[in-house]
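**Student:** Sequence plus the predicted model coming up.
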Amino acid sequence: MNFKLVISDPKSKKAYQKEIDQKQTGLIGKKIGDNVSGNSLGLAGYELEITGGSDRQGFPMRRDVEGLARKGVLLSMPPGFHPKLRGQRKRKSVRGNTISSEISQVNVKVTTYGKDSLGKLLGVKEKPKKVEEKKPEEPKKPEKEEEIKTEEKEPKEKPEKEEKKPEEKPVEEKMGVKDLEKAESEAKEKGKDKKK
């Protein structure tokens with residue numbers, strides 16, 4: 001039987017996977033939170049801390065559940081249950097905090113580093129960094145054309161707009177209806193006076 005070992009590196013924030021034989025690792029019987037030497041895992045000089053894992057059916061290990069077996073526990077937070085409402089609890093099946101032969105994946109994180117990088121020890125090929133290609137420079141255009149373009153870009157002087165004078169409204173529009181009636185009646189009276 002093989003473990004899938006997931007090694008997380010806090011410095012580079014990368015994770016590496018490695019398949020190893022259960023018997024050779026010496027992980028069986030260890031608990032979550034225990035420190036393990038990397039020499040038995042093929043990582044010379046490294047110290048690793050067990051942070052979790054899961055069994056063949058995908059049930060996660062929990063630090064607060066003692067033992068090897070799978071148990072039904074009332075949970076209110078991960079791992080094993082992600083509540084959608086505040087204060088929500090649910091009974092879920094989880095694995096105990098001790099590694100057994102039923103465990104298929106073990107998660108570890110690096111606590112002390114060795115001489116070589118994890119990528120080299122695990123045989124991971126690093127992607128080459130992209131080098132920016134320099135574009136060939138375009139030949140310069142003659143100065144005359146540039147001068148013409150700059151002249152075209154300059155805004156032409158726009159003739160000043162003539163200020164529009166407000167149109168004078170006829171006397172009838174200025175005066176209200178009542179004022180017009182008064183003016184007409186006064187004009188009629190003056191006309192009568194003149195006749196007399």
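**Tutor:** Cool, the structure landed.

**Student:** Can you give the domain ranges for the chain?
**Tutor:** The chain breaks down into these domains under automatic domain parsing: 2-66+97-115, 171-196.

**Student:** Let me know the average pLDDT across the last one.
**Tutor:** What it means is domain 171-196. In this model, domain 171-196 carries a mean pLDDT of 66.

**Student:** and if you look at stretch 69-79?
**Tutor:** Computed over stretch 69-79, the average pLDDT equals 86.

**Student:** is it true that residue 20 touches residue 2?
**Tutor:** Yes: using C-beta atoms under 8 Å, residue 20 makes contact with residue 2 at a distance of 6.5 Å. To be clear about C-beta, it is placed using only N, CA and C from the backbone, and glycine gets the same treatment.

**Student:** ok, the two, which is more surrounded?
**Tutor:** residue 20 (16 against 12; other C-beta atoms under 10 Å).

**Student:** Quickly list what the more buried one is bridged to.
**Tutor:** residue 3 (DSSP bridges).

**Student:** Quick check: residue 50 vs residue 35, distance?
**Tutor:** From residue 50 across to residue 35, the span is 8 Å (C-beta to C-beta, to the nearest Å).

**Student:** And those two? Which one has more around it.
**Tutor:** residue 50 (21 against 12).

**Student:** Excluding chain neighbours, give the residue nearest to residue 51 in space.
**Tutor:** Among residues not flanking residue 51 along the chain, residue 107 sits closest, at 4.8 Å (C-beta to C-beta, 6 or more residues apart in numbering).

**Student:** So the one you found is in contact with residue 48, correct?
**Tutor:** No: counting by C-beta under 8 Å, residue 107 does not reach residue 48; the two are 10.0 Å apart.
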